[in-house]
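# give me a 3D structure for the following:
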Amino acid sequence: MIRIYHNNRCSKSRQGKEILENSNCKFEIINYLEKPPTIVELSELIQLLDISPIQLIRKGESVWKENYKGKTLTDAQIIKAMAKHPKLIERPIVVNGNKAVIGRPPILIKDLI
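Numbers count the residues shown, from 1 in each chain. Here you go, the predicted model:
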């Protein structure tokens with residue numbers, strides 16, 4: 001089943017969810033701010049996305065700027081920061097089987113479904 005890591009306050013995430021709804025495919029919504037992914041889950045997502053952990057960070061977030069910006073962090077430290085502060089996770093993330101995409105722009109989701 002398709003999963004979308006979703007934040008309803010985010011317009012891109014809402015657009016991504018709408019693409020899934022319009023495709024008539026079954027999908028699960030994961031409100032990751034309410035139920036943050038674990039370090040293991042984040043590591044798996046990063047592997048599916050085929051990116052480095054820093055590429056999943058929202059660097060404009062105040063928590064990043066105040067606590068992490070300008071510091072030399074390991075991949076493990078970056079993943080731990082996202083687990084602790086899920087607001088740092090780029091969104092939406094859509095997973096379909098062994099493939100995943102960050103829906104920025106949301107049209108990328110169509111290639112996954």
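
# quick one: the nearest residue to Tyr5 once chain neighbours are set aside from Lys71, how far?
Once flanking residues are discounted, Tyr5 sits nearest to Ile93: 4.1 Å by C-beta to C-beta, 6 or more residues apart in numbering. For every residue, glycine as well, the C-beta is placed using N, CA and C. As judged by C-beta to C-beta, to the nearest Å, Ile93 and Lys71 stand 24 Å apart.

# pick out whichever of the two has more residues nearby.
Ile93 (26 against 8; other C-beta atoms under 10 Å).

# wait, what's in contact with that one?
Ile4, Tyr5, Leu45, Leu49, Ala100, Val101, Ile102, Gly103 (C-beta atoms under 8 Å, 6 or more residues apart in numbering).

# the second one: neighbouring residues, count only.
A total of 26 residues lie near Tyr5 under the criterion other C-beta under 10 Å.

# quick check: it touching Glu34?
No. With contact defined as C-beta atoms under 8 Å, Tyr5 does not reach Glu34; the gap is 11.3 Å.

# Thr74: neighbour count?
9.

# ends of stretch 66-82, how far apart?
14 Å (C-alpha to C-alpha, to the nearest Å).

# in it, what's buried?
The neighbour-count check on stretch 66-82 (16 or more other C-beta atoms under 10 Å) flags Tyr68, Ile78, Ile79, Ala81, Met82 as buried.

# what does that stretch rub up against?
37, 39, 42-43, 46, 52-54, 56-57, 59, 64, 85, 88-89.

# just give me how far it sits from the chain centre.
Distance, stretch centre to chain centre, for stretch 66-82: 16 Å (C-alpha atoms, centre = their mean, to the nearest Å).

# same question for stretch 51-66.
11 Å.
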